[in-house]
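sequence-free structure coming up:
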């Protein structure tokens, strides 16, 4: 006759603990790995904008980043940006320079394209449209979410690369040409891949698409 | 390895590199913003720690006590406020770095101008007696570097008497005195006689602090006219 053995209270506690631990382990394995889990995705079609013609939608892995452009502040830069957006030039372009909690930079059309990315030259590529003049004279607060055109050490070398800042950068005023500001979805950019030891990212994240709300 | 050493090592390994916006902009480490809300858009930065610069790491400067920094900042700002935003933009000057005991190759210097990086490093403890004049002197080097074609050294040298020759460089001579001559003979100070560009900077700085222009010799009068006319070519609204 087989004698039924009942688990002691201690054994029950240990068993319960192991089960809970397993749930957390497997749960975190799937949940934490999903970097987009707690990121709110914005649908621009459900938002009313004062000036929809100046709204650009940057789509990345975790959702949409909605940017309002400021042609009245930087007419030439916004014109160039819109031109590149309308030609879909920014699609599949790398966020090649990312500094955690500070900025993301993309827009190297020559060496940052997904299918032929060149890590040796990324950040130095051109659009083929030529450079434009810096527009840095108008007052502009480079606070969190501001979008600007990147340039070389010299002024008047803006082309296609742009950056979005993830913290206030007051020293950028009169240094960089502002294009606009992120009005929804800035937190999405916090999920863009970065490296701890370098501003330049190996195997970077890419822009899925960048479109004007109204073409 | 002791536990403490292991913890310290792990801090270095796991601490992320922080973005240093100022370094990215002007390539000088260890700086913080002192004041950027200025009427002429000059940005004042200060050394929070000593820094070393240059390919050969031969430029050094040290952080100051806040009290000294606050005192000197008032003087520096008062003097630099005389330059308009438009003028500063033309000469390519935007960042003023405040630190002390500035030196190049162990030779103390009042300032290091770099018009390419739009930066002027100022030693806030350099020569108390001529501190204000020295600020303008260093600003002139920025002007000169940005407009080399206007401030032609050959043209300038011809103002001097034939027998006179400048030294090869400002540190190649022992003519370092900054006192203003009571009786001028073509130069405002002993340091004026070191090089043509230092001579121009001395003339400019003396004009900026409002030196008495009476009883100057004809050579110095011609030099003053040269500086004034060229400044007006840069900015018609420039007021000496």
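Sure, I can see it. Quick caveat, the model's predicted, so the values are computed rather than measured.

From here on, just use CA atoms for contacts and neighbour counts.
Will do.

And the contacts of the one helix or strand residue A:83 maps to?
Per DSSP states H and E, residue A:83 falls inside helix A:75-86. Contact with helix A:75-86 is made by A:69-71, A:90, A:132-135, A:149, A:159-160, A:177-179, A:210-212, A:215, as judged by Cα atoms under 8 Å, 6 or more residues apart in numbering or on different chains.

Of these, which count as buried by neighbour count?
A:69-70, A:90, A:132, A:134-135, A:149, A:159-160, A:177-179, A:210-212 (16 or more other Cα atoms under 10 Å in any protein chain shown).

Contacts for the longest helix seen in chain A, please.
Looking across chain A with DSSP state H, the single longest helix is helix A:9-31. Helix A:9-31 is contacted by residues residue A:37 when judged by Cα under 8 Å, 6+ apart.

immediately after that helix, which helix or strand?
Downstream of helix A:9-31, the next assigned helix or strand under DSSP H and E is strand A:55-60.

partners of that following strand, with directions?
Sheet pairing for strand A:55-60, assigned by DSSP bridges, gives strand A:63-69 (antiparallel), strand A:209-212 (antiparallel).

I'd like to check the angle between it and helix A:75-86, please.
50 degrees (axes from the mean of the first three to the mean of the last three Cα atoms, to 10 degrees).

which residues touch strand A:55-60?
Contact partners of strand A:55-60, identified using Cα under 8 Å, 6+ apart, comprise A:44, A:49, A:64-69, A:188, A:206-214.

element containing the residue nearest to the spatial centre of chain B, please.
Nearest residue to the geometric centre of chain B (Cα atoms, centre = their mean): residue B:138, 3.0 Å. Element membership for residue B:138, per DSSP H and E: helix B:131-146.

for the helix holding residue A:83, what is the average pLDDT?
The predicted model assigns helix A:75-86 a mean pLDDT of 98.

do the same with stretch B:78-93
Averaging pLDDT along stretch B:78-93 yields 96.

Is chain A within reach of that stretch?
No: applying Cα under 8 Å from any Cα of the partner chain, one finds stretch B:78-93 separated from chain A by no less than 10.1 Å.

How far off centre is that stretch?
Here stretch B:78-93 is found 13 Å from its chain centre; the criterion is Cα atoms, centre = their mean, to the nearest Å.

So which bits of it are buried?
For stretch B:78-93, burial by neighbour count (16+ other Cα under 10 Å) applies to B:79, B:80, B:83, B:84, B:85, B:87, B:88, B:91, B:92, B:93.

Of these, which pair is most distant in space?
Spatial extent of the buried residues of stretch B:78-93 (Cα to Cα) is set by the pair B:79 and B:92 at 17.3 Å.

circling back: let's have the strands paired with strand A:55-60 in JSON lines, adding mean pLDDT.
Formatted as JSON lines, the strands paired with strand A:55-60 follow (pLDDT from 0 to 100):
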{"stretch": "strand A:63-69", "mean pLDDT": "97"}
{"stretch": "strand A:209-212", "mean pLDDT": "97"}
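
Make JSON lines out of those and add distance to residue A:110.
Shown next, in JSON lines, are the strands paired with strand A:55-60 (distance: least, Cα to Cα, whole Å):
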{"stretch": "strand A:63-69", "distance to residue A:110": "23"}
{"stretch": "strand A:209-212", "distance to residue A:110": "17"}
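
Mind telling me what element residue 120 is part of?
The chain I'm using is chain A. Following DSSP H and E, one finds residue A:120 outside all helices and strands.

Correction: the question concerned chain B.
Using DSSP H and E, residue B:120 sits within strand B:119-123.

Spell out which strands sit alongside that strand in the sheet and which way each one runs.
Strand B:119-123 has these strand partners (DSSP bridges): strand B:95-104 (parallel), strand B:111-114 (antiparallel).

Deepest in the core, which of the ones you listed is it.
Most buried of these, by mean neighbour count (mean count of other Cα atoms under 10 Å in any protein chain shown): strand B:95-104, with a mean of 24.

Provide a list of residues in contact with residue A:136.
Residues in contact with residue A:136, defined by Cα under 8 Å, 6+ apart, are A:173, A:174, A:175, A:176, A:177, A:178.

Based on its surroundings, how many neighbours for residue 150?
No chain was given, so I picked chain A. A count of neighbours around residue A:150, defined by other Cα atoms under 10 Å in any protein chain shown, yields 24.

actually it's chain B I care about, not the one you picked
18.

what's near enough to touch it?
Shown in contact with residue B:150 (Cα under 8 Å, 6+ apart): B:144, B:230.

Tell me if it really is in a helix.
No: using DSSP: H, G, I helix; E, B strand; the rest coil, the secondary structure at residue B:150 is coil, not a helix.

sorry, back to before: looking at the contacts of helix A:75-86, which are in helices?
Short answer: the contacts of helix A:75-86 have none in helices (DSSP H).

from chain A, which residue is nearest to chain B?
Residue of chain A nearest chain B, by Cα to the nearest Cα: residue A:196 (5.1 Å).
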